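1. Next come a sequence and a model predicted from it.
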Amino acid sequence: MSAELHYKPIAELAALLDAKKISSVELTQAVVARTKALDGRVKAFNSYDEADALAQAAASDARRASGQARGALEGIPVGFKDVIAVTGQPLTASSRMLANFVSPYDATVTTRLKNAGAVCWGRLNLDEFAMGSSTENSAFHTTRNPWDLTCVPGGSSGGSAAALAAGEAIATLGSDTGGSIRQPAALCGVVGLKPTYGLVSRYGLIAFASSLDQIGPFTRTIEDAAIMLGAIAGHDGRDSTSFRADIPDYRTELTKRKGPWRLGIPKEYFGAGLDPEVAAAVEQAIAFYRAQGCEIKEVSLPQTEHGVGVYYIIATAECSSNLSRYDGIRYGHRAKEAKDLLDLYFQSRAEGFGAEVKRRIILGTYVLSSGYYDAYYLRAQKVRTLIRQDFLNAYREVDALLTPTAPTPAFKIGAKADPLAMYLCDIYTIGVNLAGLPGLSLPCGFSRSGLPIGLQIIGQPFKEAELLAIARTYEQAHDWKNRHPSL
Ligand code: GLN
C-alpha cells in the first residue's frame, strides 16, 4: 500500500492516520522517497529538509498518540511555493536576489497550517518573484511538466503544481496574481483554488502586486481544497486588506449544496486563440452541467479584451513599488565592488534580478511616472472597475461562470520566447484577479497527446462554499483525478 500513499488525497490519508493504519512518519517517508526518486527529472523543488520534515511528522504522531490530533491536516506533508515564509527555511522567490535568504518568521498561512498539524515540507520553484506562466523565469532551473517532461508545468506556481502531480507532496500552496494557481493546476491536471481577494492573509507572502496577490491551495480533489481553504482562510490583523468574513466549514458545506445552479458562459472566453481540444473538453463539461438540470446561460463580459492590458499596467506599477525594497542594503543580494551608494543600488539590482523582473520594474516605473500616471495607471484603474462591474452584472443572472482555464494545454519548454505570447497564457484568469473574485481550475479531460485540460469555475465574492460544491458535482461524476502521469 505505501507505494500508493503519495497519490492519495488528504481526506483518505486522514482516515488511514486516524485508524492508525499508517503514521505521519511513514507517510512523510513515502513523500520524501518519491521526491528523491523523481525530482531530479521534474525539478519542482528549490530545496527540502528531510530531517526537519521527519521530525515534524514524529511530533504529529506523538500528538495523535496522546489524543491531541488537530484535524484532517494532522501529519499531512504540505509543500510551499518559495514565496511563502516558513521560519528557518529558505525563502528565495526563485531569484538570485534572495538566493541565500532564510526566513526569520512564519507567514500567517504557515502558522495556520502548523496549528492544523500539517508537516511543512519543501520549497517549490516558481517564475522569479511569481512573474511568468511557465517557471522558465526561475533563476535556478525550469520545472518540468510531469505529464511530459519536455513541456512546461505552467506558472508562476509551476513547482507547486508539478510536485503534486508527481506525488512529491500531498497538497501544496501557491499564489495567484493573474492566474498563477489556476493555470499551472490546469496544465498539470490537479485542482487549484484562488480564493476571493482578502479571504486569505497575505502576511508573509513575498509581495508582487498587492492588490491582486492571493494565496491558495493545490490539491488532488475538491474536498481537499475545502480542507486546505478552511485551514488558511480567515481574518488577520497583520494584513490590512484582510476581510472580516465568517468562515464556513467548507468541507461539510460541500455535502449540503446540491444545485441545480444557474451557470453563465461568457462568450468572450471562447473566441480566437482557444485550442480546439480545450474548447471541446470545456463544452463537454458544460453539457454535463446542463444534463444535471443546471440552467446554462450565455453571458457577456464586454471588457474582457482589456484585461491583459490593464493587468500589465497595474501589476507592473505595484511590482515596481514592492520590489524597491531589494536595494542591496537591508537584505538580499549585495554587489561586491560598488563605488558609492548609488552604484551599490544599481549593481545589486542589476545582478540580483532577472530579465523579466527588470522589464516589469521598468514598465511599472514608467506608468507611474509624472505625466504618464493619468494616461496609464489611473485609466487602468478605471477600466479595472468596469471589469469588476461586468462580472457583478453577470452575477445578477447566474451563480457562477464556466470557462477554460488556459487557452492551450502545456506547451514545450522554450516555445514562448516572446514575452507578449507568454502574457496571453492568462487571458482567461486575469479578469478574476482584477475583479477580486474566487476562481478554481479542475481537470476536465486530456488532449490527444495526453496533456491535462482544466475547467475554470468563477464564483461570487466570498462564496467559496458554493464554488467548491459546483466543482464537486462535476468531479464526482468523472474519473480524471485517478489518472496519474507515468513517471
Ligand atoms: N502569468 C502572470 C504574470 O506573469 C500571472 C502571474 C501570477 O499570477 N503570479 O504576471
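-> Yep, it's here.

2. The spatially most central residue of the chain and Thr429: what is the separation?
-> Nearest to the mean C-alpha position of the chain, by C-alpha atoms, centre = their mean, lies Ile181 at 2.3 Å. The gap separating Ile181 from Thr429 is 9 Å, by C-beta to C-beta, to the nearest Å. Bear in mind the C-beta positions are built from the backbone N, C-alpha and C, glycine included.

3. Identify the residue nearest Leu368 in space, chain neighbours excluded?
-> In space, and not counting its chain neighbours, Leu368 is closest to Ala317: 5.1 Å by C-beta to C-beta, 6 or more residues apart in numbering.

4. OK, contacts around that neighbour?
-> Neighbour list for Ala317: 364, 367-368, 377 [criterion: C-beta atoms under 8 Å, 6 or more residues apart in numbering].

5. Tell me which residues touch Leu212, please.
-> 177-178, 197, 311, 314-315, 318, 433-434.

6. Of those residues, grab the buried ones for PyMOL.
-> Remark: buried members of those, expressed as a PyMOL selection using 16 or more other C-beta atoms under 10 Å:
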select buried, resi 177+178+197+311+314+315+318+433+434
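
7. Out of the contacts of Ala317, list just those in helices.
-> Taking DSSP state H, the ones among the contacts of Ala317 that sit in helices are 364, 367-368.

8. out of these, who's nearest the ligand?
-> The shortest approach to the ligand among the ones in helices among the contacts of Ala317 belongs to Gly364, at 11.5 Å (C-beta to the nearest ligand atom).

9. isn't the closest one right up against Ser324?
-> No. Gly364 is beyond contact range of Ser324, at 10.1 Å (criterion: C-beta atoms under 8 Å).

10. between these two, which one's more packed in?
-> Gly364 (25 against 12; other C-beta atoms under 10 Å).

11. Please tell me how far the more buried one sits from Tyr373.
-> For Gly364, the distance to Tyr373 - C-beta to C-beta - is 12 Å.

12. Relative to Pro461, how far out is the nearest residue to Thr241 once chain neighbours are set aside?
-> Leaving aside its sequence neighbours, Thr241 sits nearest to Gly198 (C-beta to C-beta, 6+ apart; 5.4 Å). Taking C-beta to C-beta as the criterion, Gly198 is separated from Pro461 by 9 Å.

13. and what of Arg244?
-> Distance, Arg244 to Pro461, using C-beta to C-beta: 13 Å.

14. Quick check on the closest residue to Met422 other than its chain neighbours: phi, psi?
-> Distances taken as C-beta to C-beta, 6+ apart place Lys416 nearest to Met422, at 4.7 Å, with adjacent residues excluded. With angles defined as degrees, to the nearest 10, Lys416 sits at phi -120, psi 70.

15. repeat for Phe446
-> Main-chain dihedrals, Phe446, degrees, to the nearest 10: phi -140, psi 150.

16. That one touches Asp479, doesn't it?
-> No. Phe446 lies out of contact with Asp479 (C-beta under 8 Å); the separation is 11.4 Å.

17. Just want to know which of these two has more residues nearby.
-> For Phe446 versus Asp479, the count of surrounding residues by other C-beta under 10 Å is larger for Phe446: 17 against 9.

18. And the strands in the stretch 151-300 of the chain, which stretches?
-> For the stretch 151-300 of the chain, the strands defined by DSSP state E, counting those that start in this stretch cover 171-175, 191-194, 215-219, 262-266, 295-299.

19. Could I get the contacting residues of whichever residue of the stretch 351-487 of the chain sits closest to the ligand?
-> Among the residues of the stretch 351-487 of the chain, Asp426 lies nearest to the ligand; the distance is 4.8 Å by C-beta to the nearest ligand atom. Neighbour list for Asp426: 133, 178-179, 183, 308, 311, 406 [criterion: C-beta under 8 Å, 6+ apart].

20. ditto for Leu187
-> If a contact means C-beta under 8 Å, 6+ apart, then Leu187 has 145, 151-154, 161, 406, 409-410, 451-452, 454 as its contacts.

21. for Asp249, what are its contacts?
-> Counting by C-beta under 8 Å, 6+ apart, Asp249 touches Gly230.

22. Next, work out how far apart it and the ligand are.
-> 28 Å (C-beta to the nearest ligand atom, to the nearest Å).

23. go on, Gln183?
-> Note on Gln183: its distance to the ligand, by C-beta to the nearest ligand atom, is 7 Å.

24. list the contacts for that residue?
-> If you count contacts by C-beta under 8 Å, 6+ apart, Gln183 has them with 133, 154-155, 405-406, 425-426, 429, 441, 454.

25. Can you pull the residues of the protein lying near the ligand?
-> 130-133, 156, 176-180, 208, 315, 426 (C-beta under 6 Å from any ligand atom).

26. which among the contacts of Leu187 gets closest to Ala51?
-> Nearest to Ala51 among the contacts of Leu187 is Ala161, at 26.3 Å by C-beta to C-beta.

27. Would you agree that closest one is in contact with Gly154?
-> Yes. Between Ala161 and Gly154 there is a contact under C-beta under 8 Å: 6.1 Å.

28. who touches both of these two?
-> 184-185, 187-188.

29. from the residues you listed, which single one is nearest Leu341?
-> Pro184 (39.7 Å).

30. Is Ala55 within a helix or a strand, and which one?
-> Under the criterion of DSSP states H and E, Ala55 resides in helix 50-65.

31. wait, Cys444
-> According to DSSP H and E, Cys444 maps onto strand 439-446.

32. what's downstream of that strand, the next helix or strand?
-> Downstream of strand 439-446, the next assigned helix or strand under DSSP H and E is strand 452-458.

33. Just the CA trace of that following strand, in CSV.
-> Below are the C-alpha coordinates for strand 452-458, written out as CSV (Å, rounded to 0.1, in the frame of the first residue of the first chain):
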residue,chain,number,x,y,z
PRO,A,452,-4.3,17.6,-19.0
ILE,A,453,-7.0,20.2,-19.7
GLY,A,454,-8.6,22.5,-17.0
LEU,A,455,-12.1,23.8,-16.5
GLN,A,456,-12.3,27.2,-14.7
ILE,A,457,-15.2,27.9,-12.5
ILE,A,458,-15.5,31.5,-11.3
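
34. Which elements pack onto that strand?
-> Packing partners of strand 452-458 (3 or more C-beta pairs under 8 Å, 6 or more residues apart in numbering; DSSP states H and E): helix 182-188, helix 276-291, strand 400-404, strand 439-446, helix 464-476.

35. let's see it at 6 Å
-> Helices and strands touching strand 452-458, as assessed by 3 or more C-beta pairs under 6 Å, 6 or more residues apart in numbering; DSSP states H and E, comprise helix 276-291, strand 400-404, strand 439-446, helix 464-476.

36. For the stretch 1-150 of the chain, which segments count as strands?
-> Applying DSSP E, counting those that start in this stretch to the stretch 1-150 of the chain gives strands spanning 45-47, 77-81, 119-124.
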